[in-house]
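okay, sequence plus prediction incoming.
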Amino acid sequence: MARGSKGKTRKGAVKVKKEPVKASSSRTAAANAVRPTDEECIYATVSLAKLHPHVVDKNEERRKTLLESCGLRDSITDSVIGTMLSQNTTDKNSKQAWAQLKEAFPEWEPVCDPKNLPKVEAAIKVAGLAKTRAERIHKMLCQLRDERGVPSLDYLREMSDEEVKQELGRFKGLGPKTISCVLLFAMGRPEFPVDTHVLRISQTMGWVPSSATRESAYEHLNATIPPEVKLDLHCLLVTHGKHCHACAANGKPQFPPKDGTKLECPLNKSTMASNMHAVVAAATKKAAAEVKVEKDDAEKRGKIRVKEEDIVADAGTDLPNKKKSKRVFVKKEE
């Protein structure tokens, strides 16, 4: 259909087929690539880590804690309620609200008592919306106790990611971002929560449309970003959005550099175009080297283990010239 001068469609107009503009194969591939590409994710993670090294250091501690405790260290109930308190408020206020709530209620059972609602509200008042938050926390814990006998969400550990999302989605006040944070930080699952900073930067970089909502951006980015960088990249984008003039809302970062300077943002188009290949190549080479070291260490541990088993097998017999059998333990009789 053709359009008239006033933008109205004329009936019976004949469509004119335009010849497609020929482009090079590399340009065509780039245009059709789903963004962010793996290379963009690696570049952003590595570059931002140089600007904000404390972020990745903290994440290393998180990974270590999860690994040592097999993911069972923190209460999922605590994590969910703590995340609920962090919605639409500052980190400082949410942390204070959480500390005061736990001081008032070391256990969650008393929160199920309606008589304690005023005390819950008072404890979390600093975070704002105290009445609404208190009622949602109370109702969630009461529902859990009625269904499972105890006000606890730790049963979620046995569920898949999708099952966790469906289960937590039943409770009022738990949206995709909150649930994604619980999966990522409390359960160590590869998730990519989208907050206001992540959304704004992703829109600026063209990873999602400018019209994208947090929910639509989450669906796209969580399915696109490589699992191995999700934790670091999420935390780095959040931190960078609070410190960088170029990436902050209205050019006014929440925590600008104390010396009055502006961060040299590695995410602008010209810098990315100039440095992308070198940064990604170096990161890939480093990762390959680390994998080789881990493989060599594993092989060494395996050889040591074999020798230990040979010694145990040898100690279990008095027969001369006994052929040692690897990978077999022979317990010495008392």
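Good, I have the coordinates.

after the helix or strand Leu199 falls within, next one along is what?
Using DSSP states H and E, Leu199 sits in helix 196-204. Beyond helix 196-204 on the C-terminal side, the first helix or strand identified by DSSP H and E is helix 214-224.

flag every buried residue along that next one.
214, 217-218, 220-222, 224 (16 or more other C-beta atoms under 10 Å). C-betas here are computed from N, CA, C, even on glycine.

do the same with stretch 266-282
266-267, 272, 276, 279-280.

tell me the mean pLDDT for it?
Averaged over stretch 266-282, pLDDT sits at 93.

okay if I get the buried residues of helix 214-224 as TSV plus distance to Ser94?
Converted to TSV, the buried residues of helix 214-224 look like this (distance: C-beta to C-beta, whole Å):
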residue	distance to Ser94
Arg214	18
Ala217	22
Tyr218	20
His220	27
Leu221	24
Asn222	23
Thr224	29
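
relative to Asp154, which of these is nearest.
Asn222 (23.9 Å; C-beta to C-beta).

who touches the closest one in this structure?
Contacts for Asn222 (C-beta atoms under 8 Å, 6 or more residues apart in numbering) come out as 180, 191-192, 194, 230.

pLDDT value on it, please?
97.

and Asp259, by the same measure?
91.

same question for Arg3.
The model's pLDDT for Arg3 equals 46.

same thing with Gly302?
67.

show me where the stretch 1-150 of the chain has its helices.
25-32, 38-51, 53-69, 76-85, 91-104, 117-124, 130-148 (DSSP state H, counting those that start in this stretch).

for the stretch 201-334 of the chain, same thing?
Using DSSP H, counting those that start in this stretch, helices in the stretch 201-334 of the chain cover 214-224, 230-243, 269-315.

mean confidence score for the second one?
Helix 230-243 shows a mean pLDDT of 97 in the predicted model.

alpha carbons of it, in CSV - could you do that?
C-alpha atoms of helix 230-243 as CSV (Å, rounded to 0.1, in the frame of the first residue of the first chain):
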residue,chain,number,x,y,z
LYS,A,230,26.2,-12.7,34.6
LEU,A,231,27.1,-12.1,38.3
ASP,A,232,30.1,-9.8,37.6
LEU,A,233,28.5,-7.9,34.7
HIS,A,234,25.3,-7.3,36.6
CYS,A,235,27.1,-5.9,39.7
LEU,A,236,29.6,-3.9,37.6
LEU,A,237,26.8,-2.2,35.6
VAL,A,238,24.9,-1.3,38.8
THR,A,239,28.1,0.1,40.3
HIS,A,240,29.1,1.9,37.1
GLY,A,241,25.7,3.5,36.8
LYS,A,242,26.1,5.0,40.2
HIS,A,243,29.6,6.5,39.6
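
okay, the angle between that helix and helix 38-51?
Put simply, helix 230-243 runs at 60 degrees to helix 38-51, going by axes from the mean of the first three to the mean of the last three C-alpha atoms, to 10 degrees.

before we move on, back to that, which members of the buried residues of stretch 266-282 are the farthest-apart pair?
Longest span within those, C-beta to C-beta: Leu267 and Val280, 14.3 Å.
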